[in-house]
Structures are given as structure tokens and as C-alpha cells.
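[1] one predicted model, sequence on top.
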Amino acid sequence: MQTQKNINRKEHKKLGKDKLERIIDMMKSIEAHTVDPFLLNVDEIIRIIQEYFPEWEQPEELNLDAEAIHHLASVIKLQSEWVKQRSTSLYTDPFLLEEKITQKNKQELTSIFLKAWHPVVELEQVTLRSLADARRYWDALVPLKERWEQETVAEVAMGIATREELVEESILRDEAFSAELERFWQELKDKVREQGKEGKLAYMDWISSDTYSKTVQRAYLTSFLVTYGYATLEIIPLEEEIFISPLDEPGSKLNKQAVSVPIMLSFESWQKWNRGERD
Amino acid sequence: MSTKRKAAYAAKVKRATHMLFFRRHQKPGVRGWELHKALGSDYPKVLNVLDDFMKPLDLQVKTVFEEEKIPEKPTPDELDKARFYVTLRGDLQPKEAKMIGWRIDDLAGLAITISYIISKKGQAARRDVEELLGEKLAGWKVGLNIDRYIRYGYLQQDDNEQLYLDWRTRAEVDQKALIDLLLQSDGKNKETADSEEEDAEEEPEEKQ
């Protein structure tokens, strides 16, 4: 008896899903202006949505219900726009207008159009002053052969580039910066060990320093720590909190899809943090 | 009005005339803020004076607001954003239209296209317009004409081949008057021969 009831319930649910999917498809067609919005019986749709709503338990089922409501709202908006447009003085029944247009010959149509057409008036004229200005410009213009003269590149004898030159050209990475990053990573690990909870530290607690410029510098270095995989950020959007946690090995979590996280660090926010810490 | 003030206004009217008649940008017309900058905050008054001067010449200063709905009492901000043109105040005779480079076929096609788009809430599929024009124009001309209306600025087309009215229609065509005239006409002259068809075989000059 119970099994039969379950089967009936399942079938009812499936029927409801099918109905909602069909309704959503139709409403999408209306939104794409391929179907007249008034073909949809809004009361009937609401009745169907209401009828099946108690059946929905899974997130995807509730999602379907929400989608149906969302599209229904769009269709009602379209219906309202349609009514508004019809009530304006510019509304004309397209069929009536087409009929009128096909009844008329070109001369009649042109005569009618000319009564409602007020073309823009413009002048194109050379003046003595513009000619004089043009002449002055011409006199000052450097000839093409001078303007397009190829820049001669001085020949340089072959030699050996120094390491500094390669770093300057971004061909080699600056060892000093890498070393600084390693030291900064170590500092993060130590600080998390001493003050952190669950292997992480609040981002502002980590970057803040006694001056604003030092704080910005630490934020800058931190961005490299995260980019190069020395550390990772954890963002809790609802609480608006950001945590940083060092990784044991650089790049150990780099296979995850990378995203850019802009973090605002204004002077005011730094001051606020600083006051809060010292109070 | 003192002589000094009169002279100042005369100079401003002259400057406004130059700005409105000579094209300064790719499209004709001048933005309100440009006039504001060149003539001062009383530029609407200057334009009113110029409009009065142009009445006997059958010309007018036309204001096209950014929003389609025309404000009853426009604010300075709305005026600054509006575009100003000099247009014909009255209407043209069919022979005059030919004189300014329009074939009767092209003008009739433009009239049909604009009125059809208005009736379709300002948007119509190009295919539908082509079908409508194809009833009275040769097939090869239909596409060419629509492209020309787009190029002149009467229409614009999106990626889905939907046609909309563009800046020139808003500046030049009294849309309500056009629809009213079309609906009021009785269409008795259906049998009138298209005798003028061959009158203007030469192609009009291209507008920019």
C-alpha cells in the first residue's frame, strides 16, 4: 500500500516537473518575442506552480519552481508593456497600417511622407579664413620624406650581458626579490604558528604594520606570496572576512583554477584597523 | 534691451548659426553642452532668437532630446544632453524632394519602412520590412535601399537583423504626424499610374 503511494507520488512529481519545464520553454519563447505574451494564461500557470510546490524537496526542484516564477514575472512585465504601448497615441495596429500602405501608390506615400519630413539643413563651404589657415598649415607641414625617414640604429658590437641587465630586461628573476619572498613566507609561517587559529591568520592582522606605507608594502608582497603559491587566501563573503594561510610547499595548491581577488586598502581602512587594535 | 546687450546677443546668434549650419562632427547637429560652452548658460534664449530669425526662411531650430519622450519643461541638464539641428520648418513639394537628390521610390520606401517600424513598437525584423518593400520595389533594390537608409542614419540594425529608428528619423520626421496622415488618407488613388517612376532615374548623391 505504502509502495503504491510512493509510486503515485513519484509520477505526480515527474508530471509536475514536465509541466514546469514546458511552461518555462513557452515563457522563454514569449520573452524572445516569438509568441504573443497574451497567449499565456497567467492564472492557470500560477495554479500549476502552486499545485506542485509542496512536492518539491530537492534544490534542483526548488530551482525549477523559482525559474518558472522568474519567467512568469518577465511575461507579466511584457504584457504590461504591451498594454502601455497600445494606450499611447503613437500606437497603430500594424495590420491596419500595412493595409493602408499596400493601398497606396508611391506618389501618395511620398506626398504623405513629405508633410511629416523636415530634413536637416547643412552647409558645406570653404571660407577665406579656412583657406588661409590651410595654407599656413601646409607651409608648416614637414615633407613626407623627412617625416618617414627611417631611424638609423647604431651598430653595437657583440658582448656579454650582465646578470643585472638580464634582470632589468625581465629575462631573469631578481634573486633578491625571490629571497625576500622566501623570508616573508617564513615570517607568515612563524606568525601563523604563534598567533593563528586553524593554520590561518586574518589578512589585515598579517599585513598591517605601524605605518601605512609599510602596510601597503606588505600587502604588495603578500599578493606575490599568493600568486606564486606560497600561501592561499580564504574569503568569507557574508562576514566580509579574509584569512591567509601559508602552504607547506610553494605551488602545492596551484592546480585549482586561479582567480583575481581585488582587496581595497585605503588609508582610512588602515587607520580604522590601527585604532581598533590599540583601543 | 541696451545696445551693448543687443550687440552681445547678435554676436551669440551669429556664433550659434555657424555652429548649427556647419557640420562639426561626423553627424550633423550640435550638442547642448557644446552650445553652453560656446554661448553661455543663456544659449536656449539665443536659439529662440535664432529660431525667430529663421521663421521667414522656413527653417527652424529643432531640439532632439536624449530620451524619446519629449519633456514639457526641459531642465538645463536635459537641454545640455539634447542635440540641436537646423531643419526645414514647413514641408517639401514632391518636385523639391527630387531636387535634393531623392528618387520617389526611395522616399516612398523610407516612408513605408519608418511607419512600419513605428507601428511595431520601434523594432521590426529586417526580413519583414524587406517583404513589405518587395511588394512594390524590385527585389534587387530592396536590400540596397534598406542599407542606404541605415547609412544615412534613418535606421539602425542590430546583430539579430532587427531594425530600429535612428538619429536622423528622430531629428527629421514628425512620427505622429506621419502615422496620422497615413491612417487618415482614404487610399482612393490605387489605380493611379506610377507615372513619375521614370522621372528620377539618376541616383542621389551620397550623404555622409
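    Cool, the structure landed.

[2] which SSE is residue 26 in?
    Using chain A. Using DSSP states H and E, A:Met26 maps to helix A:2-31.

[3] check B:Arg15 too.
    Using DSSP H and E, B:Arg15 sits in helix B:3-21.

[4] what is the following helix or strand past that helix packed up against?
    Scanning forward in sequence from helix B:3-21 by DSSP H and E, the next helix or strand is strand B:30-31. The helices and strands touching strand B:30-31, judged by 3 or more C-beta pairs under 8 Å, 6 or more residues apart in numbering or on different chains; DSSP states H and E, are strand B:83-88. Every residue, glycine included, has its C-beta placed from N, CA and C.

[5] gap between whatever helix or strand comes next after the helix holding A:Met26 and the chain center?
    As assigned by DSSP H and E, the chain's next helix or strand after helix A:2-31 is helix A:42-52. Computed by C-alpha atoms, centre = their mean, to the nearest Å, the separation of helix A:42-52 from the middle of its chain amounts to 35 Å.

[6] what are the buried residues along helix A:42-52?
    Residues of helix A:42-52 classed as buried under the neighbour-count rule (16 or more other C-beta atoms under 10 Å in any protein chain shown) are A:45, A:48-49, A:52.

[7] now, which of these sits nearest A:Tyr220?
    For the buried residues of helix A:42-52, the closest approach to A:Tyr220 (C-beta to C-beta) belongs to A:Ile49, at 53.0 Å.

[8] gap between that closest one and A:Ala66?
    10 Å (C-beta to C-beta, to the nearest Å).

[9] tell me the SS of B:Asp91?
    Judged by DSSP: H, G, I helix; E, B strand; the rest coil, the three-state class of B:Asp91 is coil.

[10] contact partners for it?
    Going by C-beta atoms under 8 Å, 6 or more residues apart in numbering or on different chains, B:Asp91 touches A:114-118.

[11] want to throw those into CSV with secondary structure and distance to chain B?
    Compiled in CSV, those are given as follows (DSSP: H, G, I helix; E, B strand; the rest coil; distance: C-beta to the nearest C-beta, whole Å):
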residue, secondary structure, distance to chain B
A:Leu114, helix, 5
A:Lys115, helix, 5
A:Ala116, helix, 4
A:Trp117, strand, 6
A:His118, coil, 4
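
[12] could you point out which element follows the worst-scoring helix or strand of chain A on mean pLDDT?
    Within chain A, no helix or strand scores below helix A:163-168, which has a mean of 68 by mean pLDDT, DSSP states H and E. Downstream of helix A:163-168, the first helix or strand assigned by DSSP H and E is helix A:175-195.

[13] so for that next one, what gets flagged as buried?
    For helix A:175-195, burial by neighbour count (16+ other C-beta under 10 Å) applies to A:181, A:184-185, A:188-189, A:192.

[14] which one among the residues you listed gets closest to B:Ile104?
    Checking these against B:Ile104 with C-beta to C-beta, the nearest one is A:Leu181 at 77.3 Å.

[15] so who does the closest one touch?
    Taking C-beta under 8 Å, 6+ apart, we find A:Leu181 in contact with A:221, A:224-225, A:228, A:230.

[16] what of A:His118?
    Shown in contact with A:His118 (C-beta under 8 Å, 6+ apart): B:60, B:62, B:87-91, B:172-174.

[17] swap in A:Trp82?
    Taking C-beta under 8 Å, 6+ apart, one finds A:37-38 in contact with A:Trp82.

[18] name the element it belongs to?
    Secondary structure (DSSP H and E) places A:Trp82 in helix A:59-87.

[19] would you reformat the buried residues of helix A:42-52 as a markdown table and include distance to B:Val46 and pLDDT?
    A markdown table is the format used below for the buried residues of helix A:42-52 (distance: C-beta to C-beta, whole Å; pLDDT from 0 to 100):
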| residue | distance to B:Val46 | pLDDT |
| --- | --- | --- |
| A:Ile45 | 58 | 88 |
| A:Ile48 | 63 | 89 |
| A:Ile49 | 60 | 89 |
| A:Tyr52 | 67 | 88 |
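
[20] of all these, which comes closest to chain B?
    A:Ile45 (24.3 Å; C-beta to the nearest C-beta).

[21] and the gap between that closest one and A:Glu11?
    For A:Ile45, the distance to A:Glu11 (C-beta to C-beta) stands at 21 Å.

[22] wouldn't B:Gln123 be in contact with B:Leu163 here?
    Yes: the criterion here is C-beta atoms under 8 Å, and B:Gln123 meets it with B:Leu163 at 7.2 Å.
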